[in-house]
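>>> Here is my input, please return the structure:
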Amino acid sequence: MMAIPAAMASGSVLANGAGDSAGDAALSRYVTPQGAHLHYQDRGKGPVVLLGHSYLWTSAMWAPQIKALSRHFRVIAPDLWGHGASGPLPADTQDLKGLAAQMLQLLDALRIRECAVVGLSVGGMWGAELALKAPDRVRSLVMMDTFLGAEPEATRQRYFGLLDAIETGGKVTQPLIDAIVPIFFRPGTDPASPRPAAFGRSLAAMTADQLRDSVVPLGRIIFGRADAMDRLAGLDARTTLLMGGDEDIPRPPHEMHAMAEVIGCESVLIPQAGHISNLDNPSFVTQQLTAWLDRTMR
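Next up is the predicted model:
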């Protein structure tokens, strides 16, 4: 059995609640050796599944999957830096590899030898980097609605323009909300319907410090990422699965197919789903994840 790295001696884990059943909201906090605070949900028992959420969302977006998976697995769902209950982005975070290294520190602190990683959007990006960095720690990898190639120039310029406006104003104004919210939903979705409206309110509630210290720098890391397509061939095709919404605007299906071809792995198109595909079609996604994890983690 693999030895736990000595690095786990640094940093600390503080439990705010305890609970092993799917109904117990176990929210805990990991304090890095540098003093940064990363909050995470810890539910269930069994083989470990590490969930990575989308940029501008929180671990709460995984609620349907956490409820189902925690019946058979231990599910760890961190809030990304500056999102949810987590503290600011550590100042030395330079790229997606840095995010992956921080998640590896969390696994070390929790004394988790190996796990499955299921990541959506940026969660899939750092998930791939984690699997490449520590293949002996990641037994199974699912990348959802994500792309490890460079951001296409047109969208990169658009997103950087939005980030510049947010940084300058110190808030997400209504015109910015009107521009950002539709990106995450299926074409034709009514922005006044419950989920888009709630998402818009969460953007408006972000503080100037939160935006400038974490959200904007993270966005520049995500959308300014280097092209990593050639490195994807280093992933294990037998234990890698790609999934994506059939109506995902920012990460269209052709990107998923291009990655699957490089890796040589399976891919699944999620019907009637946009970028946050696990919420657009939760029953389909949960069924697919359960079958995949039963196959690769048991």
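>>> Which strand or helix spans Val262?
helix 253-263 (DSSP states H and E).
>>> right, and the helix or strand after that helix?
Counting by DSSP H and E, what follows helix 253-263 is strand 266-270.
>>> Off-centre distance for that following strand?
18 Å (Cα atoms, centre = their mean, to the nearest Å).
>>> same check, this time on stretch 29-43
Stretch 29-43 has its average C-alpha position 16 Å from the chain's average C-alpha position, going by Cα atoms, centre = their mean.
>>> end to end, how far does it reach?
Start-to-end span of stretch 29-43 (Cα to Cα, to the nearest Å) is 14 Å.
>>> ditto for stretch 67-82
End-to-end distance for stretch 67-82, by Cα to Cα: 24 Å.
>>> do the same with stretch 105-117
Between where stretch 105-117 begins and where it ends, there is a gap of 14 Å, by Cα to Cα.
>>> Same check on stretch 245-259?
End-to-end distance (Cα to Cα), stretch 245-259: 15 Å.
>>> swap in stretch 69-87?
From its first residue to its last, stretch 69-87 covers 27 Å (Cα to Cα).
>>> same question, stretch 116-125
14 Å.
>>> Off-centre distance for that stretch?
Computed by Cα atoms, centre = their mean, the chain-centroid distance of stretch 116-125 equals 4 Å.
>>> Need the residues that contact stretch 228-236.
96, 128-129, 131-132, 135, 141, 148-149, 258-259, 262-265 (Cβ atoms under 8 Å, 6 or more residues apart in numbering). Using the backbone N, CA and C atoms, a C-beta is placed for each residue, glycine as well.
>>> quick one: which of the residues you listed is nearest to Pro187?
Ala258 (21.5 Å; Cβ to Cβ).
>>> returning to what we had before: mind picking the one among the contacts of stretch 228-236 that's closest to Met297?
In terms of Cβ to Cβ, no member of the contacts of stretch 228-236 lies closer to Met297 than Leu141, at 11.2 Å.
>>> Just list the residues touching the closest one, thanks.
Ala116, Val117, Val118, Gly127, Ala128, Ala131, Leu235, Asp236, Thr239, Thr240, Leu241.
>>> Mind doing that once more with 7 Å?
Each residue near Leu141 by Cβ atoms under 7 Å, 6 or more residues apart in numbering is listed here: Val117, Gly127, Ala128, Ala131, Leu235, Thr239, Thr240.
>>> ok so the first one is a strand residue?
Yes: counting by DSSP: H, G, I helix; E, B strand; the rest coil, Val117 is part of a strand.
>>> residues near it, how many?
27 (other Cβ atoms under 10 Å).
>>> That one - nearest residue in space that isn't next to it in sequence?
Gly127 (4.2 Å; Cβ to Cβ, 6 or more residues apart in numbering).
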